[in-house]
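# Quick one, structure for this:
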Amino acid sequence: MEQGSSGLRRLFREVAKFGAVGGAGVLVNLGVFNLVRQATDLQVVRASVIATVVAIVFNYVGFRYFTYRDRDKSRRTREMSLFLLFSVIGLVIENGVLYTATYGFGWDSSLQSNIFKFLGIGIATLFRFWSYRSWVFRALPVREETVAGGGATRAGERPRQRVP
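Model prediction:
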């Protein structure tokens, strides 16, 4: 049970860190989106794609150096390639929601655009969390250490006492 609860605590910390970086990324995304919409005549989805790309760059830095700083860093090119691949899929999900609302249903007021942009971000975030933790920022394998008389334990874990 102890092993399960520590794994649950690690997952909770990971979700909290992912949420902190992601929350800041949402603010960057929505801020850039609204700034581009106010400052230019770009169509709503184009403005959204620009904002999403800025947020992707912001999030990569946050995930690599905060959320997943303890993860394998040995294959950075592979990591960045997968991050970009999954980020582009997330971009399509996020902006597909906005595109459908805007051009499929005609919901294109500023408020409606922000609501569907936010909804798209939420749906894409579920995909991104799964893909980033599963494929991009992979956990380092747990080292097994043999302790005399105590059997194999994980690194940093105390061996269990055997009762005679």
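# from here on, contacts and neighbour counts on C-alpha atoms
Will do.
# need the contact list for the residue positioned nearest the centre of the chain.
Nearest to the geometric centre of the chain sits residue 129, at 4.2 Å (Cα atoms, centre = their mean). Residues counted as contacts of residue 129 (Cα atoms under 8 Å, 6 or more residues apart in numbering) are residue 18.
# OK, contacts around residue 18?
63, 67, 129.
# Save the residues you listed as TSV, and put in distance to residue 39 too.
Compiled in TSV, the contacts of residue 18 are given as follows (distance: Cα to Cα, whole Å):
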residue	distance to residue 39
63	30
67	33
129	32
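# Could you give the average pLDDT over the longest helix anywhere in the chain?
Secondary structure of the chain read by DSSP state H shows that its longest helix is helix 2-39. The predicted model gives helix 2-39 an average pLDDT of 90.
# List the buried residues for that helix?
The neighbour-count check on helix 2-39 (16 or more other Cα atoms under 10 Å) flags 14, 17-22, 25-26, 28-30, 32-34, 36-37 as buried.
# ok, and the closest non-adjacent residue to residue 25?
Nearest non-adjacent residue to residue 25, counting by Cα to Cα, 6 or more residues apart in numbering: residue 55, 5.3 Å away.
# How many residues are close by the one you found?
Each residue near residue 55 was counted by other Cα atoms under 10 Å, and the total is 21.
# do the same with residue 44
Neighbours of residue 44 (other Cα under 10 Å): 23.
# do the same with the one 4 residues further on
Close neighbours of residue 48, defined as other Cα under 10 Å, add up to 27.
# Tell me which residues touch it, please.
33, 95, 117.
# quick one: which helix or strand includes it?
If you go by DSSP states H and E, residue 48 is part of helix 44-62.
# so after that helix, what's the next helix or strand?
helix 76-99.
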